[in-house]
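# 3D model of this:
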Amino acid sequence: MKQKRFRTGLFTALTVLSDTGLAFAASWLAWRLMFHWLSPGVPLTDITYHLWWIAPAVYLSFVFLMGSTFDARTRSRGLVLTYLAVAPPLVAAGRAALYRLNLFLLRRGWGRVRAAVVGSGQSAREIFDHLAINQVLGYEMVGFLVDAPDDLTFEYGGVRAIGLHRDCGDVLAAHQVQQVFIPWMLSSVFDNRDVLSCCRRQGIALKVVSHRIDLLLRAAQIDEVTGVTLHDPRRRPLRSLARAVKRAADVAGAGLIVLALAPLFLLVTAAIVLDSRGGVFFRQRRVGEGGRTFDLLKFRTMVAGAEQIKPQLTHHNEADGPLFKIRNDPRVTAVGRWLRRFSLDELPQLFNVLAGEMSLVGPRPPLPAEVAKYQEWHRQRLDGPQGMTGLWQISGRSELKFDEMALLDIYYLEHWSPLLDIAILLKTAPVVLLGKGAY
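Numbers count the residues shown, from 1 in each chain. Have a look, this model is predicted:
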């Protein structure tokens, strides 16, 4: 009998210690996953930092009040099952109530962001409608920045033009604007460079809104966004932990792919050697994160001396902006054309990834000559690790205009997470196999 009481007491104590330790461990792990590993860009408050120990404390209080420590096998199971049945509807009801409360406060001006829209055309009016109708987004529409003095009489939805965008510095300050939205322009995103410069000087957030970009993101199965942020004074680069997670995934992923594709590497090498004279690999100087340069590796797809021939072909360039691409480039060899179609020429960049010069996923590293032609906002593409594949590849590849590619790259860097990388990698495989948009 004494042994039974001792055993019961011992296992009761062990159950308490086990429940307590594992509850805190699970909460810490969930906190890390939610706020560091899966969503590194989420801003943290003082309350957030204490959630990892508040949550298990509440859970353990329920456990002990129900006396589950005295019958861990039955009552604990009952608690868990009851909790799973009761919690979802209660949480859903709570979310609905908070949504209504948030909307109630926003309609009365609490916490709203004063916003202006650039332009007076159809695109500007559509942006206004979207923000005005969806009040839960939290924007108070102040007015429109228009192009010409004749447009100063423009009015839409009860909101008037507040000034010319060339005078945006004084206008935005006078109206205490905190956020500016600019439509995608037919010619270029930045026929309105003065607006970007003004927002940078005054610390005002700026977003570009484009139906085309929204369509590309939906095609890539990425969540629809209100706009792509081109300037945000609160922007923070990837934190150390996020970089460590991304780097570990890059090393593991690139290493496994190299081992798995070793026979293919040998086959491609033999095909290149037999097809044309020259080396197997092609090294090209590229610009990486923060403007640092490195030598990017590719399987050679062009004839020897192709770079020297390039100036003679500039008038055949089919790409816009600073890019140079020719659909039927005469410098490409027979084997090279096949390699390019299925992106096999990119495989040696796995060694750039292992060397820490690139990532598996990210904006494509540009040539120094391309960077020299960048507008100021294009340089945001270089604010994170450059990659082998990215949103550009699963949303159109060479068929995209340069500004569209830049906006997708900026969106990626702004919303990076391990899950986003996984989604892009999974979407890349069929795109590559079909050779869509590659030349």
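
# flag the shaky bits of the stretch 151-300 of the chain, pLDDT-wise.
185-192, 214-215, 218-226, 231, 233-239 (pLDDT under 70).

# how about the helices in it?
All helices of the stretch 151-300 of the chain, identified by DSSP state H, counting those that start in this stretch, fall at 168-174, 193-202, 211-219, 240-260, 262-275.

# since we're on Arg107, how many residues are nearby?
Residues within reach of Arg107, counting by other C-beta atoms under 10 Å, total 11. (C-beta placed from N, C-alpha, C; glycine too.)

# ignore the last one, Leu274
Neighbours around Leu274, by other C-beta under 10 Å: 8.

# and it, how far from Thr333?
Separation of Leu274 from Thr333 (C-beta to C-beta, to the nearest Å) stands at 11 Å.

# Phe104 too?
67 Å.

# which one of the two has more residues nearby?
Between Phe104 and Thr333, counting by other C-beta under 10 Å, Thr333 is the more crowded of the two (20 against 10).

# spatially, what comes nearest to that one if we skip its sequence neighbours?
Distance criterion C-beta to C-beta, 6 or more residues apart in numbering; nearest residue to Thr333, sequence neighbours excluded, is Ser276 at 4.8 Å.

# and the strands in the stretch 301-439 of the chain?
Ranges of strands within the stretch 301-439 of the chain are 359-361, 387-389, based on DSSP state E, counting those that start in this stretch.

# one step back: so who does the residue nearest to Thr333 touch?
Applying C-beta atoms under 8 Å, 6 or more residues apart in numbering to Ser276 gives the contacts 303-304, 333, 335.

# format the strands of the stretch 301-439 of the chain as JSON lines; extra columns: mean neighbour count, distance to Phe351 and mean pLDDT.
Converted to JSON lines, the strands of the stretch 301-439 of the chain look like this (neighbours: other C-beta atoms under 10 Å; distance: least, C-beta to C-beta, whole Å; pLDDT from 0 to 100):
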{"stretch": "strand 359-361", "mean neighbour count": "26", "distance to Phe351": "12", "mean pLDDT": "96"}
{"stretch": "strand 387-389", "mean neighbour count": "25", "distance to Phe351": "11", "mean pLDDT": "94"}
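
# pLDDT score for the closest residue to Arg193 other than its chain neighbours?
Take Arg193 and drop its neighbours on the chain: the residue closest to it by C-beta to C-beta, 6+ apart is Gln375, 7.0 Å away. pLDDT for Gln375: 84.

# next, Gln375: phi, psi?
phi -80, psi 170 (degrees, to the nearest 10).

# that one: neighbour count?
By other C-beta under 10 Å, neighbour count at Gln375 equals 15.

# please report how far it lies from Arg108.
41 Å.

# what is the burial count for Leu339?
Neighbours of Leu339 using other C-beta under 10 Å come to 23.

# distance of the closest residue to it other than its chain neighbours from Leu152?
Among residues not flanking Leu339 along the chain, Asp345 sits closest, at 4.3 Å (C-beta to C-beta, 6+ apart). Asp345 sits 54 Å away from Leu152, going by C-beta to C-beta.

# please identify which of those two sits among more neighbours.
Between Asp345 and Leu152, Asp345 has the larger neighbour count (other C-beta under 10 Å), namely 26 against 14.

# pretty sure that one contacts Trp338?
No - counting by C-beta atoms under 8 Å, Asp345 stays clear of Trp338, with 9.4 Å between them.

# picking up where we left off before, going by distance to Leu29, which of the contacts of Ser276 wins?
Closest approach between the contacts of Ser276 and Leu29, by C-beta to C-beta: Val335, at 49.3 Å.

# how about that closest one, what does it touch?
Neighbouring residues of Val335 by C-beta under 8 Å, 6+ apart: 271-272, 275-276, 301.

# can you give me the distance of Val136 to Gly111?
11 Å.

# these two: which has the busier surroundings?
Using other C-beta under 10 Å, the more surrounded residue of Val136 and Gly111 is Val136, with 12 against 9.

# so the spatially closest residue to that one that is not a sequence neighbour is in which element?
Sequence neighbours aside, Leu103 is the residue nearest to Val136 in space, at 5.3 Å (criterion: C-beta to C-beta, 6+ apart). Element membership for Leu103 (DSSP states H and E) is helix 75-107.

# how is this structure divided into domains?
Domain assignment of the chain by automatic domain parsing yields the ranges 2-107, 113-209, 240-434.

# need the residues that contact stretch 285-302.
268-269, 272, 278-284, 329, 331-333, 335-337, 339-340, 344-349, 351-352, 357-358, 365-368, 370-371, 382-386.

# buried residues, it. List them.
286-289, 294, 296-302 (16 or more other C-beta atoms under 10 Å).

# also stretch 350-366?
So for stretch 350-366, counting by 16+ other C-beta under 10 Å, buried means 350, 352-353, 357-366.

# which ones among those are found in helices?
350, 352-353 (DSSP state H).

# looking at the residues you listed, spot the one nearest Lys401.
Asn352 (26.4 Å).

# coming back round to it: what's the first helix or strand after the helix holding Leu103?
Assigned by DSSP H and E, the successor of helix 75-107 is strand 113-118.

# output that next one as CSV, nothing but the C-alphas.
The C-alpha coordinates for strand 113-118 follow below in CSV (Å, rounded to 0.1, in the frame of the first residue of the first chain):
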residue,chain,number,x,y,z
VAL,A,113,-4.0,56.8,-41.5
ARG,A,114,-4.3,60.0,-43.6
ALA,A,115,-3.8,59.0,-47.2
ALA,A,116,-3.6,60.7,-50.6
VAL,A,117,-3.8,59.3,-54.2
VAL,A,118,-1.7,60.5,-57.1
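
# partners of it, with directions?
strand 139-146 (parallel), strand 179-183 (parallel) (DSSP bridges).

# is it possible to export those to TSV including mean neighbour count and distance to Asp129?
Below are the strands paired with strand 113-118 laid out as TSV (neighbours: other C-beta atoms under 10 Å; distance: least, C-beta to C-beta, whole Å):
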stretch	mean neighbour count	distance to Asp129
strand 139-146	23	10
strand 179-183	25	12
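
# hang on, isn't Thr389 packed against Ser359?
No - counting by C-beta under 8 Å, Thr389 does not reach Ser359; the two are 9.6 Å apart.

# and stretch 118-138, what's buried?
118-120, 123-125, 127-128, 131-132, 138.

# what about the residues you listed, which are in strands?
Among the buried residues of stretch 118-138, DSSP state E puts Val118 in strands.

# so what pLDDT did the residue nearest to Leu339 get?
91.

# and the one 5 residues further on, by the same measure?
The score at Leu350 is 96. That number is its pLDDT.

# surely it meets Ala260?
No - using C-beta under 8 Å, Leu350 makes no contact with Ala260, being 10.6 Å away.

# tabulate the strands paired with strand 113-118 (CSV), appending distance to Leu29.
Below are those laid out as CSV (distance: least, C-beta to C-beta, whole Å):
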stretch, distance to Leu29
strand 139-146, 37
strand 179-183, 36
